[in-house]
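A.B. asks: Give me coordinates for this.
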Amino acid sequence: MTLDDIARRGLVLLGCGKMGSAMLGGWLRQGLPAASVHVRDPHPSDWVRQLTQDGLVLNGDLPDTPAVVLIAVKPQMMQEALPSLRALGDGDVLFVTVAAGTPIAAYEAALGARSPIIRAMPNTPAAISRGITAIIGNAHANAEHMDMAERLLSAVGQVVRLDAEAQMDAVTGVSGSGPAYVFHLIEALAQAGEAQGLDPALAMTLAKATVAGAGALAMEAAEDPAQLRRNVTSPNGTTAAALEVLMNEEQGLAPLLRRAVAAAADRSRELSK
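C.D. replies: Numbers count the residues shown, from 1 in each chain. Model (predicted):
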């Protein structure tokens, strides 16, 4: 299904906060007409309100059979929001959810067991179209549905497909919560620079640019991160001295991150029960 097909049947966006707005902006940049989008949000931003001038339908009647319903409300609002979509279930309307912690079975119970449903886990860099989203569909989500979801979610970054829904907890621990780990790395790196005598503003500038640049290099380079690390590590040099601390098998960064990711994945499993 193409964007023209989606535009003809309509797209419903349930919830238009930061993530919903990021996706909506990406769709509009791809050429989806604002007039084909129906937004349901109790507290829409000024930007969303302004889009009504281009035909976007805000908190109005929904089309009878939209191509896609994208659910982007907070998990605690799910029980209140889903009943309004029940009439669209058990047909060929595709439901895509980006809400964390809610399993596909919960949507099938609320929307109808025969509904095609795709669960997605994006992350916050989607706000600048640099996110990564993992997706998994239920038994009624066919290849065309998966392609449609990938097309829509690629508006905010890369999309990967999972083999099983159980993998979503690990994805949550790695990429869903992962940006917060990197933000804390920037904080810690800047603080370490301050401890060595740098001005706080300069230390933060250096930390931000270093993490951003290294990440961009890791994405674009042909070598894997291990080789990139070796490339900048001279024997008995300054980087080697630092890596002796960071790569300690018991107290280094790797075992610390294993515990952190496990804690996030375990919490994700708890929330989905």
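A.B. asks: R29 against A155, yeah?
C.D. replies: Yes. Under the criterion of CB atoms under 8 Å, R29 is in contact with A155, at a separation of 7.2 Å. No exception for glycine: its C-beta is placed from N, CA and C like everyone else's.
A.B. asks: Neighbour count for these two, which is higher?
C.D. replies: Under the criterion of other CB atoms under 10 Å, the comparison of R29 against A155 puts A155 first, with 21 against 10.
A.B. asks: residues touching the more buried one, list them.
C.D. replies: For A155, the set of contacting residues under the criterion of CB atoms under 8 Å, 6 or more residues apart in numbering consists of 23, 25-27, 29-30, 129.
A.B. asks: hang on, it is in a strand, isn't it?
C.D. replies: No. Assessed with DSSP: H, G, I helix; E, B strand; the rest coil, A155 is helix; it does not lie in a strand.
A.B. asks: Which pLDDT value goes with it?
C.D. replies: In this model, A155 is scored at 89, pLDDT.
A.B. asks: Not including adjacent chain positions, what is the nearest residue to it?
C.D. replies: Excluding its sequence neighbours, the residue lying closest to A155 (CB to CB, 6 or more residues apart in numbering) is G26, at 2.7 Å.
A.B. asks: mind listing what's buried in stretch 136-152?
C.D. replies: The neighbour-count criterion (16 or more other CB atoms under 10 Å) identifies 136-138, 140-141, 145-146, 148-152 as the buried residues of stretch 136-152.
A.B. asks: ok, now which ones touch P103?
C.D. replies: Residues touching P103, when contacts are defined by CB under 8 Å, 6+ apart, comprise 119, 165, 272.
A.B. asks: no no, Q167
C.D. replies: Counting by CB under 8 Å, 6+ apart, the residues that Q167 touches are 134, 136.
A.B. asks: what separates it from A149, distance-wise?
C.D. replies: 16 Å (CB to CB, to the nearest Å).
A.B. asks: Looking at the contacts of A155, state which has the most neighbours.
C.D. replies: Counting by other CB under 10 Å, top hit in the contacts of A155: M23 with 26 neighbours.
A.B. asks: Which helix or strand contains the residue nearest to A155?
C.D. replies: With elements taken from DSSP states H and E, the one containing G26 is helix 18-30.
A.B. asks: One more: A203?
C.D. replies: Secondary structure here is read from DSSP H and E; on that basis A203 sits in helix 200-220.
A.B. asks: That helix: how far from the chain's middle?
C.D. replies: 22 Å (CA atoms, centre = their mean, to the nearest Å).
A.B. asks: Packing partners of that helix?
C.D. replies: Contacting helix 200-220 under the criterion 3 or more CB pairs under 8 Å, 6 or more residues apart in numbering; DSSP states H and E are the following elements: helix 178-195, helix 225-231.
A.B. asks: ok, residues contacting the first one?
C.D. replies: I take that to be helix 178-195. Against helix 178-195 from outside (CB under 8 Å, 6+ apart): 123-125, 200, 202-204, 206-208, 210-211, 215, 257, 260.
A.B. asks: Give me the buried subset of the residues you listed.
C.D. replies: 123-125, 203-204, 207, 211, 260.
A.B. asks: In JSON lines: those residues, plus distance to M219.
C.D. replies: Shown next, in JSON lines, are the buried ones among the contacts of helix 178-195 (distance: CB to CB, whole Å):
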{"residue": "N123", "distance to M219": "15"}
{"residue": "T124", "distance to M219": "17"}
{"residue": "P125", "distance to M219": "12"}
{"residue": "A203", "distance to M219": "25"}
{"residue": "M204", "distance to M219": "23"}
{"residue": "A207", "distance to M219": "19"}
{"residue": "V211", "distance to M219": "13"}
{"residue": "A260", "distance to M219": "22"}
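A.B. asks: I'd like the average pLDDT over the helix holding G26.
C.D. replies: Averaged across helix 18-30, pLDDT comes to 90.
A.B. asks: Tell me which residues are up against it.
C.D. replies: Where contact means CB under 8 Å, 6+ apart, the residues beyond helix 18-30 that reach it are 3, 11, 13, 16, 34, 37, 39, 41, 45, 47-48, 51, 70, 72, 98, 122, 124, 126-127, 129, 131, 152-153, 155-156.
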